[in-house]
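Q: Generate a structure from the sequence data that follows.
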Amino acid sequence: MLADRRRVVVDRVRPTVQCGEFAAKATVHLPLRVGATLVLDGHDPVLAWVWYGKGAAVPITEAAGPPRGWREVRLEPLGNDLYSAWLALPSPGGWAFAVGGVPDQYGAWLRDVRIRFEAGQDIEVELQEGAAIARRQLDHGGWRDADRRAMAALASAIADPGPPLKRVRTAERGAAVALMRRTADRSRATVAGAFPLWVDRERAGMSAWYEMFPRSEGAEPPRSGTFRTAMRRLPAIAQMGFNVVYLPPVHPIGTTFRKGRNNSLEWLPGDPGSPWAIGGSEGGHDSVHPELGTIADFDAFVAAANRAGVEVALDYALQCSPDHPWVRQHPKWFRHRVDGSIRYAENPPKRYQDIYPFDFDSDDATNLWKALRDVMFFWIEHGVRIFRVDNPHTKPFRFWQWLIGELHRSHPDVLLLAEAFTRPAVMQHLAKIGFSQSYTYFTWRNSKWELGEYLKELSQTEQTDYFRPNFWVNTPDILHATLQRGGPSAFRLRAVLAAITCPSWGMYAGYELIENTAVREGSEEYMDSEKYQLKPRNWDQPQSLAPFIARLNEIRLRHHAAVAQLDTLRLHHIGSEAMLCVSRASVAHDDVLLLVANLDPFTSQEATTWLDLEALGIAADRPFEARDELTGATFMWQGPANYVRLDPSVQPAHILHLRQQ
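A: Next up, the predicted model:
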């Protein structure tokens, strides 16, 4: 301790997850903010930087320096001892970074000598001290010849007799300051890290999902649709702007305790059963339902999706029907009752007799875990690189950590969406241990206060380091009361909110047709749910929202830099409790969107905004253009106060592209 001459304290480094226990998340080419608090005694500024590169997050000291091939970026001061920089990571995989700082001796001297000069003081001695700083850095050695010559010339120019102002200006030149920062003595630097990062491909950071049941496409009940008939739907999905098509389980479905229509405990001939009751005489998790076709037909579906510019995501549900081959082959993989029978899934008072959960702590758990991993590897070999994981919160965290580690080593491009509507800490921990994206509470956030608080939580807290939200407007299990009662205006509104406020969003098929009938009052389940029956649709209905949804996804694509950057999201004041005002912006503020939404699907609302112009990169004394990306209408605004009026029967929101004149 007595010999420790380091003066800078590095604190609150971000992005980090539990002090580096887990990897923070980043996305290829999407700007990543690295920041820290760097505290120094006295009044000297801090010279701060971040080192980053591919590889393991091993402790780094200044004496050792960063690993070979790592890069350095300066951390810029933000005030109040906060420092920040933006990184662009070019490839997926494991990365790491470290933050370092030393007292900025040259910067402190430069600041003080300018103050003294402007105060009319004699600064000759101070100028000689500045020249001495440059000579000391030169004497440290190890510099490139060009830097050595530049430091020698700088020292000479500061020390040589001449007008003081000229010598100060020489010392202040950008090239001189950069040189002295680059060659500063770092032998007494404080370095924190390295901290792990996991960098995903771009679709992890921004995506638009569409969920479909292939058995319904081309179906003529009781005859099921097939992968081949479902392929016909892919161009329309792509035309709406979705880049991920998510399929529920496509495996054989058991018949024991099969569920009938509307989740009935009695099923009739022709009822196809729930796809989540996986496994039958035809096979298990590595088989396809024979009514859908063959594995070759599945491969053809994946290829057709790729040609359309859409990526296939497959459900990964770790459960079995009583008819699954594993039930007979590996009875130890399941929990048993005292009478010897296998325990089916329960969520008291609900019972799911058609499903057996796995026993992850069984005596044969090692083989179970490997078998579940191999299921995922099987579908990866058939072109699937995205999985929607069913109820991951009901399986052990340690299993997911192991499985994700296996995936990262062999298939770093694979993405996992966690379907976990549960306690916040559980959802967050799943994200920490490596799930690429997460379902959210968006469906149940409908008022201005609920939406505002939730958006702030997701964009302005440490959750941005690891939690990638995905806003779903509906699912086969979730038809919120807002949609049941709000009519087409509510459907348009919720689509706008999901698509513009979140980098990733999704919808279940039928949303565009405004399907809004619940099985009963007070329920969020659909009447005639597609989970339990074939549901062919007429996609050419005149009231379809498909053109509107296509427009939303086109806006997202055109303003990718603004929509994908979640941590630049800001809420702005608007004088109505029925209206929400949110901005999305790129890091450089060269692409700025302002969403003004009427949250009341029944009544026109009007109000005046009070915009945070600094957050928008807009000057208060100059007019700016606000072009509505939904309608093409253009407004000229100036200052923070601007009037808006929205009739939900005509337009639920403005999506305004702001440009300073």
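
Q: which SS class is the residue of the chain positioned farthest from its centre?
A: Taking CA atoms, centre = their mean, the residue of the chain most remote from its mean C-alpha position is residue 161, at 58.1 Å. Put simply, residue 161 is coil when judged by DSSP: H, G, I helix; E, B strand; the rest coil.

Q: residues in contact with it?
A: Counting by CB atoms under 8 Å, 6 or more residues apart in numbering, residue 161 touches no other residue. Every C-beta, even on glycine, is put in place using the N, C-alpha and C of the backbone.

Q: What score does it have for pLDDT?
A: Per-residue pLDDT puts residue 161 at 86.

Q: Helix or strand with the lowest mean pLDDT in this structure?
A: strand 350-352 (a mean of 78; mean pLDDT, DSSP states H and E).

Q: The next helix or strand after it pairs with which strands, and in what direction?
A: Sequence-wise, the next helix or strand downstream of strand 350-352 (DSSP states H and E) is strand 356-357. Partners of strand 356-357 in the sheet, by DSSP bridges, are strand 319-320 (antiparallel).

Q: Need the contact partners of the partner strand.
A: Here strand 319-320 has contacts from 254, 276, 278-279, 284, 326-327, 334, 345, 355-358, 390, using CB under 8 Å, 6+ apart.

Q: let's see 7 Å
A: With CB atoms under 7 Å, 6 or more residues apart in numbering as the test, strand 319-320 has contacts from 276, 278-279, 326-327, 345, 355-358.

Q: how's this structure carved up into domains?
A: Domain segmentation of the chain under automatic domain parsing yields 1-104+187-200, 105-183, 202-562, 567-660.

Q: Tell me, what's the model's pLDDT at residue 109?
A: Confidence score, pLDDT, at residue 109: 89.

Q: Local confidence estimate at the closest residue to residue 283 other than its chain neighbours?
A: Nearest residue to residue 283, sequence neighbours excluded (CB to CB, 6 or more residues apart in numbering): residue 252, at 5.4 Å. Note on residue 252: pLDDT of 98.

Q: And for residue 194?
A: With respect to pLDDT, residue 194 scores 89.

Q: Begin at 589, not 1, for the rest of this chat.
A: Understood, numbering begins at 589; the last thing we discussed is residue 782.

Q: what comes into contact with the strand or helix carrying it?
A: Using DSSP H and E, residue 782 maps to strand 778-788. With contacts defined as CB under 7 Å, 6+ apart, strand 778-788 is touched by 594, 596-598, 601, 604, 608, 611-616, 645-650, 677, 679-689, 1003, 1022, 1024.

Q: Sitting in helices, which of those do you find?
A: If you go by DSSP state H, the contacts of strand 778-788 have nothing in helices.

Q: which among those residues end up buried?
A: 596-598, 601, 604, 608, 611-616, 645, 648, 650, 677, 680-689, 1003, 1022, 1024 (16 or more other CB atoms under 10 Å).

Q: Tell me which stretches of the stretch 1089-1238 of the chain form helices.
A: For the stretch 1089-1238 of the chain, applying DSSP state H, counting those that start in this stretch gives helices covering 1134-1146, 1148-1151, 1201-1204.

Q: Determine the three-state secondary structure at residue 700.
A: In three-state terms, and counting by three-state DSSP, residue 700 is helix.

Q: What about it, how many residues nearby?
A: Residue 700: 16 surrounding residues under other CB atoms under 10 Å.

Q: what does residue 1105 give?
A: Residues near residue 1105, counting by other CB under 10 Å: 9.

Q: Check the spacing between it and residue 1071 real quick.
A: From residue 1105 across to residue 1071, the span is 10 Å (CB to CB, to the nearest Å).

Q: ditto for residue 945
A: For residue 945 relative to residue 1071 (CB to CB), the value is 31 Å.

Q: who has more neighbours, the two?
A: Set side by side, residue 945 and residue 1071 show more neighbours around residue 1071, with 24 against 20, by other CB under 10 Å.

Q: Run a quick check on the more buried one versus residue 1079, I expect a contact.
A: Yes - applying CB atoms under 7 Å, one finds residue 1071 in contact with residue 1079, separated by 6.3 Å.
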